Each structure stands twice: as C-alpha cells, then as structure tokens.
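Novice: give me coordinates for this.
(one chain, ligands or ions: 1)
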Amino acid sequence: MTGFGRRDGLLVCDGVPLETLARDHGTPLYVYSGAAIDESFRRFDAAFAAVPHLVCYAAKANSARAILARLARLGAGADVVSGGELRAALAAGISPERIVFSGVGKTDDEIAAGVAAGLLAIHVESVRELEKVSAAAAASGTVARVALRVNPDIDARSHPHISTGLSENKFGVDIARAREVFERSRALPGVRMAGVQAHVGSQIFDEAPLSRTACELATLAVSLAAAGFPIETVDVGGGLGIGDGALTPEAYAAAVLPPLRPLPFRVLVEPGRAIVGRAGVLLTRVLYLKREREKNFVVVDAGMNDFLRPALYGAAHAIEPAGRPSDESVFTDVVGPVCETGDAFLRDAVLPLPREGDVLAIHDAGAYGHVMASNYNFRPRPAEVLVDGGAARVIRRREAHEDLVRLEAE
Ligand code: LLP
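Specialist: Numbers count the residues shown, from 1 in each chain. The predicted structure follows:
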C-alpha cells in the first residue's frame, strides 16, 4: 500500500505505523510517504506525455531538501519564488535549465542570482522588473531567458487568499498589455522573451478557469510568435486542487492541453499541492479532553504555528486516530495550544473518542504545511520524517529552544 491507510487497525505510512513514528520522533511531527510523492509526480508527468513538456514542481509547497532531491531524480524541474528556494532547488540537484523563477517582488540580488544561474526562465511581472533583468544580464555579458507572467482576469473560484488571476490581484501584467511589454523588450539587450505564463490560483477544483487560461495563453503565444518573438514555452502555472471532488491529473491535462497540443511550444506546468499534498500528515498528540458548557474540546500539542491552513483559510483537513479507533464517538472541536481562538483544526466534528496521549493524524498536510510553520508563541517548528522503502528517516530535525534564541542579541 502506498501512502496512508490502515493495517491491523493501525494507521500506517508505507507500512510503518504512525504511532511508532510519533513515539520515536515526538510530536508534532510531519510524516511524508516517499512512494506517494513518486507516484503523484509520475502520474502527473505521464498525464502530459502527449506534448513536449516539463513539470516544474512548485517548491513553495514543500521545499524540504530530501523531497526536492527526490523529485530531481524523477526528472522534475522547479518553480521557485525566492532566492532561498532557488538555492535550495539548485542544491538539491535540479539543473538551472529546468528552473523557472516566479515572483512579483524579486530583489536586485535575487535577479542577479537568477541571471547568473542561467535559468530556463525568469518570470517577470512588470516592465520595471523586465528592465532590471535586462540590465543585470547585460552587465554580466549574458542574455537572460524571460517569460512574461500575464494576468488573464480569470476567476479561479478558490479561496480569495489564493486566487491570483483576477485583474485586481497583484500578479502579472494585464494580458491586454502583454504585446506592448514584449515590444518594449526589443530595446532591452539583456533579455530573450521566450515564453508566457499565467497562474490563476491554487486548490482549484473547477476545470473551466484552467482551460480558459490555457486558451488565452495559446492565443497570446501564437500572436507573439507571429510578431517575431522567439516563443519557446507556454507555462500554465499550477493550481490543481486535492481532496474530494478534485480533478485527476489526467482530467487536468485534458482541460489544458487541447489549445496547446497543435502548437510548436513546450508546455510548462507548475504543480505544488498536487504532487506532495496528499503524501504528508501532521501527527499530534492529545494533551487534554475538556468539556465546558456542553462543548467538547480535544486539545492537541500541534498549533496553528505548526500548520496554518485551517486558521488562515478555514481549510478542513480530516483528522483520524493513528491507533485503533474507539467505538465511541464524540462531537468536538480539535484545538491547539496557541493563544488564539483561530487555533483550531476542526470545529463541530464527529471523531472516534480519543484518550489523553493518543496520536492523531491531520491529513493532506504535505503541501503548505511545514513551509508555513512559524515560531509564534516561541514554539519550535516540528521535525519532518520521510518514509522510504519501509524505513523512516528524519529529513529535518525538530527545532530546539537554542535554535530559536541563536539569532537574538541583548
Ligand atoms: N506557480 C505559481 C506561480 C504559484 O504562485 C503557485 C502557488 C504554484 C505554481 C503552485 O500552486 P499549487 O499547484 O500548489 O496550487 N498557501 C496556500 C497556497 C498558496 C499558493 C501560492 N502559489 C495554501 O496553503 O493553500
């Protein structure tokens, strides 16, 4: 069995009982299935096999070095959004000609690093950024490959915090102005305008915004190529959702490929969550069972600082006991120790009645989990464990108090 499931009543990750991992490594603990990551990457990659393509894994979803290195070995490229992610991707063995560099606010240092690395593309989001990339490349005697991120004014119908393709959003250049920006680039010696990109949002369940985006990009790329620009790539971004009702990678490819398939461009795609989301859980231990005025609270040792999605987006992540579930159930909130009311993982949920000390698994925590953890309340960030071929290894140790105070001064 790949990923998470029950064996002899116990929840296991690739055969390893999660209770054992919690006992050996402590909680809160992120646990990833290496086999599930491989499987989702391979399946996604295969779904695009009908066209020349590159899957540029969105490193922001989970930038653990062991995971980046694993994906590199499977042939993944990367979509990075900061100088830090660029360094992490290169260090993990992803070659620069497989890396695209996104981001609406790159610093001069980040632009210089992107230019020096010789990336597949720097995705520029404004004319000013384009000028800066050109200047940086020209100063170092090179020409940077650039793709323009356009904003197609398409509603991804996802959570407003993670919808990015509306004209009111900060991302990209209005698609109606794309031609003008490309024309402007003719006077810039340090850039080769080799592609177009759009990313309209994340955790998208609906194929319409995804296929519309692909259509808009295809039309734009054809017209730019006809105008003499050396278009090589069309990048449809990421955004494929996970969970009940999500599109399969095959359905996703079927939604975006029709307008692109006949064209002579390489298709780039930047999935993050779809590759790692389901391949991770957050393990947490029950500290207390509390009942106040008819309301039950299961108080656990993980907080919103460890896993922010429920507090930030109201995201519902299924929770189940890692051990044998009790036959009795309870109507309860599952809350963390942080001093905020928003620090709740589930509200008004029905769960098998846990006992103090039980380990619970919070599902679908492989993407935007550890990477969004913080030290709020002076809490050390959790360790991360990767299960690989039946063996578990720590790929990032738990922070110690000393790690938190190390950078402080009197
Ligand atoms: N490409 C670009 C340019 C992006 O901005 C993103 C995500 C992706 C690709 C990958 O999107 P994915 O395939 O993972 O949906 N923290 C939020 C998600 C923020 C996504 C930001 N950009 C969450 O926890 O839901």
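Novice: for the rest of this, base every contact and every neighbour count on C-alpha atoms.
Specialist: OK.
Novice: surely residue 89 is within a helix?
Specialist: Yes - the assignment for residue 89 (DSSP: H, G, I helix; E, B strand; the rest coil) places it in a helix.
Novice: surely it meets residue 78?
Specialist: Yes - under the criterion of C-alpha atoms under 8 Å, residue 89 makes contact with residue 78 at 6.9 Å.
Novice: who has more neighbours, those two?
Specialist: Ranked by neighbour count (other C-alpha atoms under 10 Å), residue 89 and residue 78 place residue 78 first, with 33 against 26.
Novice: residue contacts, that one?
Specialist: 55-59, 89, 94, 98-100, 270 (C-alpha atoms under 8 Å, 6 or more residues apart in numbering).
Novice: just those: which are in strands?
Specialist: 55-58, 99-100 (DSSP state E).
Novice: residue 388 contacts residue 36, correct?
Specialist: No - using C-alpha under 8 Å as the test, residue 388 is too far from residue 36 to be in contact (9.8 Å).
Novice: the more surrounded of the two?
Specialist: A count of neighbours by other C-alpha under 10 Å puts residue 36 above the other of residue 388 and residue 36, at 24 against 17.
Novice: mind checking pLDDT for the more buried one?
Specialist: Here the pLDDT value assigned to residue 36 is 98.
Novice: cool, and residue 157?
Specialist: 82.
Novice: run through the strands of the stretch 101-250 of the chain in chain order.
Specialist: Using DSSP state E, counting those that start in this stretch, the strands found in the stretch 101-250 of the chain span residues 121-124, 144-151, 173-174, 191-197, 233-235.
Novice: okay, the angle between the fourth one and strand 144-151?
Specialist: With axes from the mean of the first three to the mean of the last three C-alpha atoms, to 10 degrees as the basis, strand 191-197 and strand 144-151 are set at 40 degrees to each other.
Novice: what sits closest to residue 350 if chain neighbours are left out?
Specialist: Counting by C-alpha to C-alpha, 6 or more residues apart in numbering, residue 350 lies nearest to residue 331, which is 4.6 Å off, once chain neighbours are set aside.
Novice: cool, residue 129 as well?
Specialist: Residue nearest to residue 129 in three dimensions, not counting chain neighbours: residue 106, with 8.0 Å by C-alpha to C-alpha, 6+ apart.
Novice: could you verify my assumption that the one you found touches residue 86?
Specialist: No - between residue 106 and residue 86 there is no contact under C-alpha under 8 Å: 11.8 Å.
Novice: these two - which one has more neighbours?
Specialist: Using other C-alpha under 10 Å, the more surrounded residue of residue 106 and residue 86 is residue 86, with 25 against 20.
Novice: helix or strand for the more buried one, which one?
Specialist: helix 83-91 (DSSP states H and E).
Novice: quick check, that helix touching the ligand?
Specialist: No - figure legend: helix 83-91 not in contact with the ligand (C-alpha under 6 Å from any ligand atom); closest approach 12.8 Å.
Novice: kindly export that helix (C-alpha atoms) in CSV.
Specialist: Extracted in CSV, the C-alpha atoms of helix 83-91 (Å, rounded to 0.1, in the frame of the first residue of the first chain):
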residue,chain,number,x,y,z
GLY,A,83,16.5,33.4,-3.8
GLY,A,84,16.2,30.9,-1.0
GLU,A,85,14.1,28.5,-3.0
LEU,A,86,16.4,29.0,-6.0
ARG,A,87,19.4,28.0,-3.8
ALA,A,88,17.5,25.1,-2.3
ALA,A,89,16.5,23.7,-5.8
LEU,A,90,20.0,24.0,-7.2
ALA,A,91,21.5,22.4,-4.1
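Novice: any low-confidence regions in the stretch 151-300 of the chain?
Specialist: The model of the stretch 151-300 of the chain has no residue with pLDDT under 70.
Novice: which residue ranges of it form helices?
Specialist: Using DSSP state H, counting those that start in this stretch, the helices found in the stretch 151-300 of the chain span residues 178-185, 207-226, 249-256, 273-276.
Novice: name the helices or strands packed onto the last one?
Specialist: Going back to what we said before, that points to helix 273-276. For helix 273-276, the elements it packs on are helix 34-47, judged by 3 or more C-alpha pairs under 8 Å, 6 or more residues apart in numbering; DSSP states H and E.
Novice: which helices and strands does the helix it packs on pack with?
Specialist: Counting by 3+ C-alpha pairs under 8 Å, 6+ apart, the packing neighbours recorded for helix 34-47 are helix 65-73, helix 249-256, helix 273-276, strand 383-388.
Novice: quick one: which of these is nearest residue 296?
Specialist: Nearest to residue 296 among the helices and strands packed on helix 34-47 is strand 383-388; the distance by C-alpha to C-alpha comes to 29.0 Å.
Novice: show me how far that closest one is from its chain's centre.
Specialist: 18 Å (C-alpha atoms, centre = their mean, to the nearest Å).
Novice: repeat that for stretch 363-383.
Specialist: 14 Å.
Novice: quick one: mean pLDDT for it?
Specialist: The average of the pLDDT scores along stretch 363-383 is 98.
Novice: the stretch 151-300 of the chain against the ligand: which residues are in contact?
Specialist: 162, 199, 202-203, 237-240, 270-274.
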